[in-house]
Structures are given as structure tokens and as C-alpha cells.
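K.L.:
Following is a predicted model, sequence given first.
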Amino acid sequence: MTNVLVADDPLYEKLYDVRREAEDIGNAVDVDAIMPQVHRLRAEAPVHKGRLRELLGLPHHDRHVRARGRQHYSVLTYEACEAAFRDAQTFSNGVQGNDNPANEKTMGILEMDPPMHRAYRRTIQPKFLMPEAMGWWRTRTIDGIVERLIARMAKDDRAELNLDFCARVPVYTITTAIGLSGDEALTFRHAYLHSTSQSRNTTMEDRVRNGRIVEDTLLGLIAARRAEPQDDLISFLLKTKLMMPGADPRPLSDREIMTHAKLVMVAGGGTSWRQMGITLFALLTHRDQFEAVRDDRALLGDAIEEGLRWNPTAPYFYRMVTADTEFYGHQIAAGSVLELGLGPANRDPARWEIPMSTTSTATS
């Protein structure tokens, strides 16, 4: 088995090239160029009729299959985004699904609404709470990974932090936690990224083939852990019980476990990687804050939280409108889609004293 932590695998450069990935799915945007227009729109009204890309004069792009052909509304203020997130009955996660008939055995938790979302989230959440993060995750993987990566980077006079650090910490952490080998982790992420409809340069045949690689890898791992449990995330999920309201507790099915594992692998290899890079960039380009965090480690949590506000790796979320409703001055028909702008909301001057800064404070 190749040690994915230190190997110079060319897949790293391919899989962790942010611009290439955005161009591949048709979603490359010059954020610095459009943000003044976004702030202007937010100042004019909390909600605008139309896709944000249309309002900004950008090329069309559908993030979710179910959003195609529907009327969109762009939500840009902190207050309006929070109101939509808190009303899951009217504004549904279901827009994130695909065209297949959805049920609890094939849906991921990002596609679910309460109470289903809460029930499935509880099956995996215990492994991601802070006590586990500071205990099981650190002792099992993270501390050793960071030490080896720093030793690897110290051999040269420079390092590419995106590839040499940010990409490697989460993918190796999640790989070890799930029970995949290093080689399998990169192959899995490559296959998963090329099994979805978002990859414009992948044929349907390639998507089907890559989808089979993903499923075969995970179902094989689940079968192996059922036969011989280990101290990993798959074994934990095999032991946990799903507790839906009004139903008897039951074990998760293999496909439900597989769906959980997909989400964890993609989040670890995507969201965590990007946000780590964003936070490092923010600190390294604001040396006074970098030095403050370096000198006082108690500030580290605040620095991470501020990085999430200042530049979230997922700046837009989508919700399907389930019933005709009035929302911030708009009569919105059922079947429409809300684009919830976390990025603009997190720079909303009505909520933050210095919204553009990396050191902002909430207003009362």
C-alpha cells in the first residue's frame, strides 16, 4: 500500500486544483469582480426574483438537477437566510436530490428534511462532536498526520500548502477513519467526482463506470467490517441504530451506511480541504492576526469561526419551496427555488460591524 500521506501521486494535483474543478463543472467565477454587485443587490433588497447568476450577468449553471427550469429567488441578507433555514417545512432540502425516486435508503442527509434529517444525523453525529474530535480523531489519525506532513515539508525550502498540507490532512484522516487504504482514497474521490451529472467532461458511460467503483469499494468495505469489526467509522455505523419518530429502532442498511460514507469522504476531501486553505490564506495575508493566534492558541477556535464567516467554502445553498408563500415582499409559488446566499449574508453590515474584515463582530 502506498502511503498517500507522503507519496507524490499525480492525482493530488488533478483532484485538488480548485480552478480546474470549477471549470470542469462550468462554475468558475471571478469572485472579486462580482462581489461589489452582490453587495449592491443586498443593499437594495433582502430577496430578488431570479437566479443570482442571471442578476449578475454570468453564464447559466444548474447546481442541482431538480432546480432546472424552475423560478429562482436570490436571498442575500443574514436575516432572510436565517428565516429560510429555520422554516424547513416551507423551504425543503429536497432540491438537492436527483431524478431517482427518493427514499431514506438512497438519500443523503443533505437531501432530507426534519424529522428524517435529525434521525439520520443522530446516527453519525456522535463521531463528530468535540469530545470525539479531541480524542478519537486526534489520537487515531490527526496528530500523527500533521507531524509527518510538517516533517515532509521541512525537507524543502518551500511548500505548496494546498497540495502538501490542506489536501492531505482531511483525505487521510477520513480515509483512515472509514477504513480505506491510501490508494483507495484517491481512487474513490476521483471516481466519485466523475460519477455525478455536474462533471461536464464526463460521458454517461464514464459516470456509470465510476459510480460502480464507488459502490463496489464501499459495499466491499461494509461486508468486510460486518465479518470482522474494527475501530473505524464503518464498524461504528454497523452497530448504531436509526431511531425515527414513531418507529422501532433498527440497524442501518448497507446502502444507508454507504450513503453516509460517501458524504463523509466528500466532505473530508472537499469542504474541509477548502476551508482549511481559506483560513490559512486569511491568516497568512493578515500577519498581525497570524501572530496573535500563534502567540495565543486559545484564539484558534475564533480564527476558524471567523474564516467560516469571512469566506465559507459553500457560499450558496438551495431550497425547494413546498407551498405558495410570501417571503420578504415576494409572492413565491410552490415549486420555486431559493438560492440562500451565505456568502453575502456573512458580509451583511446589518449583522456585522466590519463585514469585509477578517475580524468582524456581530451587532446586537
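P.N.:
Done, it's in.
K.L.:
Quick check, Ala88 in contact with Pro114.
P.N.:
Yes - counting by C-beta atoms under 8 Å, Ala88 does reach Pro114; the two are 5.3 Å apart. (Glycine included, C-beta is placed from N, CA and C.)
K.L.:
Look at those two and report which has more neighbours.
P.N.:
Using other C-beta atoms under 10 Å as the criterion, Ala88 and Pro114 rank with Ala88 on top: 17 against 12.
K.L.:
did I read that right, the more buried one in a strand?
P.N.:
No - if the criterion is DSSP: H, G, I helix; E, B strand; the rest coil, then Ala88 is coil and not within a strand.
K.L.:
need the contact list for it.
P.N.:
With contact taken as C-beta atoms under 8 Å, 6 or more residues apart in numbering, Ala88 is in contact with 113-114, 117.
K.L.:
And Ala267, by the same measure?
P.N.:
Counting by C-beta under 8 Å, 6+ apart, Ala267 has contacts Ile174.
K.L.:
Now do the spatially most central residue of the chain against Trp352, distance only.
P.N.:
Geometric centre of the chain, nearest residue: Thr271, 4.1 Å, by C-alpha atoms, centre = their mean. Counting by C-beta to C-beta, to the nearest Å, the separation of Thr271 from Trp352 is 22 Å.
K.L.:
got it, and Phe188?
P.N.:
On the measure of C-beta to C-beta, Phe188 and Trp352 end up 38 Å apart.
K.L.:
So if I had to pick from those two, which one is more boxed in?
P.N.:
A direct count of neighbours by other C-beta under 10 Å for Phe188 and Trp352 places Phe188 higher, at 26 against 19.
K.L.:
tell me which element that one is part of?
P.N.:
Using DSSP states H and E, the element containing Phe188 is helix 182-193.
K.L.:
Next: Leu340.
P.N.:
Leu340 belongs to strand 337-341, assigned by DSSP H and E.
K.L.:
right, and the helix or strand after that strand?
P.N.:
Using DSSP H and E, the helix or strand that follows strand 337-341 towards the C-terminus is helix 342-345.
K.L.:
which helices and strands does that next one pack with?
P.N.:
Contact partners of helix 342-345 among helices and strands, from 3 or more C-beta pairs under 8 Å, 6 or more residues apart in numbering; DSSP states H and E: helix 31-44, helix 78-85, strand 316-321.
K.L.:
Dump the ones you listed to TSV, plus distance to Ile304.
P.N.:
Shown next, in TSV, are the helices and strands packed on helix 342-345 (distance: least, C-beta to C-beta, whole Å):
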stretch	distance to Ile304
helix 31-44	21
helix 78-85	20
strand 316-321	20
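K.L.:
Out of these, flag the one nearest Ser92.
P.N.:
In terms of C-beta to C-beta, the element of those nearest to Ser92 is strand 316-321, at 4.5 Å.
K.L.:
Send me that closest one as PDB with only the CA atoms.
P.N.:
Taking Å, rounded to 0.1, in the frame of the first residue of the first chain, the C-alpha atoms of strand 316-321 are listed here in PDB:
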ATOM      1  CA  TYR A 316     -24.700  29.300  -1.500                       C
ATOM      2  CA  PHE A 317     -27.400  26.700  -0.500                       C
ATOM      3  CA  TYR A 318     -30.600  25.900  -2.300                       C
ATOM      4  CA  ARG A 319     -34.100  25.100  -1.100                       C
ATOM      5  CA  MET A 320     -37.300  24.000  -2.800                       C
ATOM      6  CA  VAL A 321     -40.400  25.900  -1.900                       C
END
